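Peer 1: Got a sequence here, can you model it:
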Amino acid sequence: MDTPAPTVYLVDDDPDTLKALQRLLQSAGLQSAAFASAQVFLQDHDRNAPGCLLLDLSMPGVDGLALQRALAQQGSELPIVFLSGRGDIPATVQAMKHGATDFLTKPVDDNELLAAIDEALATDRHRRRGHAERDRLATSLAALTERERQVLEQVVAGRLNKQIAAELGTAEKTIKFHRANLMRKLRVRSVAELVKLGERAGIGAAPQV
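Peer 2: So this is what the prediction gives:
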């Protein structure tokens, strides 16, 4: 199934600004959706949809920083580019500290704005690939038998087939069989790949203290 095209979400209480931004994004071949307030955006936005948020800092009611906090409370990881009509250093620091990808001052250069949006969309793609990989890995690990999981833990720990067989009280050829099965299920072709995958999954990691 094709991945939906990302959307640049625009939240600004100035209708002229929204229209100008949408024209710019359309000329750049980007899909956009405009909202006149943070409240409307919170009501209508699907946090699972790909894209980024171009957000005005100063708005009546719920301002940009408040919307950023509300999205974080909802578990949203939507990258945010802030726009401000003034150079507000404390607000800039707060926005960046809470995960904004950029903070631009109006009037902003079109090329600078498009570059910031491209970076935000790239951040979103990277996060989504990471989540998809973790989900795929969790599903694959769940398909392992208890014995295959034990063999995986031993392989990640750096033990040889003979050592694993002795540890688990079985024949070396049985360990080879289990290792081949788990490598097939996890879709890796070498022990090095298997070890890296196991480490990404936290298998064999040192306990937290």
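Peer 1: Let me see the ranges of the strands in this protein.
Peer 2: Ranges of strands within the chain are 7-11, 31-35, 51-56, 80-84, 102-105, based on DSSP state E.
Peer 1: Relative to D44, which of those is closest?
Peer 2: Nearest to D44 among the strands of the chain is strand 31-35; the distance by CB to CB comes to 7.1 Å. In short, each C-beta sits where N, CA and C put it, glycine included.
Peer 1: Can you show me the helices along this protein?
Peer 2: Assigned by DSSP state H, the chain shows helices spanning 15-27, 38-44, 64-73, 89-97, 110-142, 146-156, 161-168, 172-186, 191-200.
Peer 1: can you give me the mean pLDDT across the shortest one?
Peer 2: Per-region confidence: helix 38-44 scores 92 on mean pLDDT.
Peer 1: the domain parsing of this protein - what is it?
Peer 2: Residue ranges for the domains of the chain, per automatic domain parsing: 7-137, 143-200.
Peer 1: Compile the helices of the chain into a markdown table and extend it with columns for distance to D56 and mean neighbour count.
Peer 2: Compiled in a markdown table, those are given as follows (distance: least, CB to CB, whole Å; neighbours: other CB atoms under 10 Å):
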| stretch | distance to D56 | mean neighbour count |
| --- | --- | --- |
| helix 15-27 | 7 | 14 |
| helix 38-44 | 9 | 16 |
| helix 64-73 | 6 | 17 |
| helix 89-97 | 12 | 14 |
| helix 110-142 | 13 | 14 |
| helix 146-156 | 48 | 19 |
| helix 161-168 | 59 | 16 |
| helix 172-186 | 46 | 17 |
| helix 191-200 | 39 | 15 |
